[in-house]
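In: quick one, what's the 3D model for this:
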Amino acid sequence: MYVTKELLNTMKIIINENKKIADIQKEFNDLFPYLQIQFFSKPHKPGGSSPKNQMKEPGSSIKECRTVNKSGVITVTPMISVNELEQNFQNIFGLSIQIFRKSGKAWLQTNVTDNWTLEEQNKEGESLSQNINKNEFPDLDLDIK
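Out: Just a heads-up that it's a prediction; the model follows:
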């Protein structure tokens, strides 16, 4: 049997009322270290952003966030687009999420690039973060004698 890299990086997130947001965030971040998944009290429009004051606390349970009383599993792959993942969480479980990408020391909502895959977003976050870090500590040319 041939196993593709995508299959190795497929994640199945269990959604039930007792699960904490922080647990889902950790699972997601283990696979995509330059991305964050945030939960909100209300959905955002496609291509739109979510107001920070609607962000749910990591200690909140899924029961406190969802509008659909359903448990199950959501499959996350590197090739799924941000928009598709956000819509799946909303349509299947009534969960309003937004994906954020690391940019140096900041986390930016990916609303402008929602059509990108998670893999593309993660690679862009890695690139932006590495470039920022290199610029913070430029090589010093010290002539010590």
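In: okay, CA-based contacts and neighbour counts for the rest of this
Out: OK.
In: helices or strands up against the lengthiest strand in the chain?
Out: For the chain, the longest strand by residue count, based on DSSP state E, is strand 96-103. For strand 96-103, the elements it packs on are strand 35-40, helix 82-93, strand 106-109, helix 118-136, judged by 3 or more CA pairs under 8 Å, 6 or more residues apart in numbering; DSSP states H and E.
In: any weak-confidence spans in the protein?
Out: Scanning the chain for pLDDT under 70 picks out 1-8, 46-47, 131-145.
In: quick check: buried residues in stretch 65-72?
Out: C65, R66, T67 (16 or more other CA atoms under 10 Å).
In: now swap in stretch 50-63 and tell me
Out: Across stretch 50-63, burial judged by 16+ other CA under 10 Å covers S50, M55, K56, S61, I62, K63.
In: got the contact list for the fourth one?
Out: Put plainly, it is S61. With contacts defined as CA atoms under 8 Å, 6 or more residues apart in numbering, S61 is in contact with E17, N18, K19, K20, I21.
In: good, we can wrap up now.
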